[in-house]
Every structure is written in structure tokens, then in C-alpha cells.
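Trainee: Fold the following for me, if possible:
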Amino acid sequence: MISFIIPCYNEEAHIKDCIRAIRKHVWYVPYEIIVVDNNCTDKTAEIAELEGAFVIKESRKGVVFARQAGYEAAKGFLIANIDADSKITDGWVWEALSCLSNENVVAVSGPLEYDGARFSLKVMTKLYYLLGKVSNDYIGVFLQGGNCMIKKKALDEVGGYDTSIAFYGEDTMTAKRIQHLGKIVFNMYMVATTSPRRLKEQGVIKTTWLYLTNYF
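Mentor: Predicted structure coming up:
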């Protein structure tokens, strides 16, 4: 079974599409959808329940606390982390499972594509993830936190997530903590589409710089 973990803080505008994308593309394998209500003040939880997701609450604010709560509640042997404003695409599940069928692989992640992005941003994003793949293959591990699947037994081995990291860099730390247990794959075909809202709020340069500096 695949346990999809979706951390949420006031995501009523996106959570329905996120859940429905999972349903659309994962119907042929057993799965569960766990939405983590991370102190929402809107109708995120109600919408998620109406869409058939299992909703749990995590009062400690932060995506890592939410991921940890979801992991602890999960029944599946595979943990899929998806951001609430993202949607998995056709072939996502096949690409993830194909990689994880290798007993030496403990985690796989893929790139994000921004909804409605300009051509220049699409090119920059593609380049960023190509560099990420090169880094993962030859320099150091690279994991896209909001678009990945991890074998639960690997997380069990390290006691779950490192909750001392609030946001930026938490995915890289997860990768570093499990890399001794097996290979981490970055699959360019395991695509999830996502909202460009963070780029709009912070700007492309600042957002990229924050991710890069915390990665290194």
C-alpha cells in the first residue's frame, strides 16, 4: 500500500485538486490519503474529508512536524509526500514504483512543473532539476520533499524525519539520513505540477537561492 501524506495549512483552494489527481492516477494499486491539518483556520479539513481523505491534526506548526505525524499514522509500506498545492501526473506512480522495485533503492523523487509558467521559467526550472539530478548521481543526495516516495522501512530505521529543521533543507536532511540504507533516485519523468505562488511571493532568484544554500 502507498500512503500519500499531504501537509496542509489553509489549502482549501488546492486540496481538492491534489486529492483528485491522486485518485485519478493511483486507482490500480492499494493506497490511502492522509491529510495533515497543521492548524488550518479555513475549510481544508472539511473539504479533504468530503473527498474521502483521512484527516489528522498536528498542532506543532511546520511541514516536518506534519510529515512526521502523517508517517506515524501511515499504514502503507511506501510513503509518498505530496504538497497540497501540487498534483501528480499520468505515469507518476509507474515511474516511482519502477524505481522502488529495485531492492537497493530506498527513495525516489522527481521534478516540479509550475502551472501556467512562462517559457523562461520552464527552462530555468528544467535546468535546476537537471543540475539536481547530476548532483544526486555524482555529488550528494537530492530529494524533492513535496514530490517523492520513500520506503517506510527506511524511515523506520532512522526514526522518521528530523523535526529540528523547520522548512528549507528538510528534504535533503531526510535523504542524508537514509542514504546509508540504499540508493536515492531522481527520476526526471516522475513529474508533479504545482502552484507558482511561492515564486510569486518571494521571487525566482530568492527562492532558488534559499533552496540551494540550504541544500549545500
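Trainee: where does Gly145 land in three-state SS?
Mentor: Secondary structure for Gly145, judged by DSSP: H, G, I helix; E, B strand; the rest coil, is coil.
Trainee: Now the residue most central in space within the chain: closest residue in space, sequence neighbours ignored.
Mentor: When CA atoms, centre = their mean is applied to the chain, the residue found nearest the centroid is Gly146 (2.1 Å). Nearest in space to Gly146, with sequence neighbours left out and distances taken as CB to CB, 6 or more residues apart in numbering, is Asp83 at 3.5 Å. The C-beta positions use only the backbone N, C-alpha and C, and glycine is treated the same way.
Trainee: Scan the chain for its longest helix.
Mentor: Longest helix in the chain, counting residues (DSSP state H): helix 119-134.
Trainee: counting contacts, what elements does that one pack onto?
Mentor: Helices and strands touching helix 119-134, by 3 or more CB pairs under 8 Å, 6 or more residues apart in numbering; DSSP states H and E, are strand 112-114, strand 183-186, helix 204-215.
Trainee: C-terminal to that helix, what's the next element?
Mentor: Toward the C-terminus, helix 119-134 is succeeded by strand 147-151 as the next helix or strand (DSSP states H and E).
Trainee: Which elements pack onto that following strand?
Mentor: Taking 3+ CB pairs under 8 Å, 6+ apart as contact, the helices and strands that strand 147-151 lies on are strand 78-82, helix 92-100, strand 105-109, helix 170-178.
Trainee: TSV for those, including mean pLDDT?
Mentor: Written out in TSV, the entries for the helices and strands packed on strand 147-151 read as follows (pLDDT from 0 to 100):
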stretch	mean pLDDT
strand 78-82	98
helix 92-100	98
strand 105-109	98
helix 170-178	91
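Trainee: want to throw the ones you listed into TSV with distance to Gly140 and mean neighbour count?
Mentor: Output for the helices and strands packed on strand 147-151, formatted as TSV (distance: least, CB to CB, whole Å; neighbours: other CB atoms under 10 Å):
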stretch	distance to Gly140	mean neighbour count
strand 78-82	20	25
helix 92-100	19	20
strand 105-109	14	25
helix 170-178	8	22
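Trainee: Throw these into CSV and include distance to Glu58, thanks.
Mentor: Conversion of the helices and strands packed on strand 147-151 to CSV gives the following (distance: least, CB to CB, whole Å):
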stretch, distance to Glu58
strand 78-82, 14
helix 92-100, 25
strand 105-109, 22
helix 170-178, 15
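Trainee: wait, which of these is closest to Lys61?
Mentor: Proximity of these to Lys61 was assessed by CB to CB; the nearest stretch is helix 170-178, lying at 13.7 Å.
Trainee: That closest one versus strand 78-82: what angle between them?
Mentor: Between helix 170-178 and strand 78-82, the angle formed by their directions is 160 degrees, by axes from the mean of the first three to the mean of the last three CA atoms, to 10 degrees.
Trainee: contacting residues around helix 170-178?
Mentor: Outside helix 170-178, the residues within contact range by CB atoms under 8 Å, 6 or more residues apart in numbering are 63-64, 67, 106-107, 109, 140-146, 148, 150, 154-155, 157-158, 161-162, 165, 184, 214-215.
Trainee: Could you tell me which of these count as buried?
Mentor: In terms of neighbour count (16 or more other CB atoms under 10 Å), the buried residues within the contacts of helix 170-178 are 63-64, 67, 106-107, 109, 141-146, 148, 150, 154-155, 161, 165, 184, 215.
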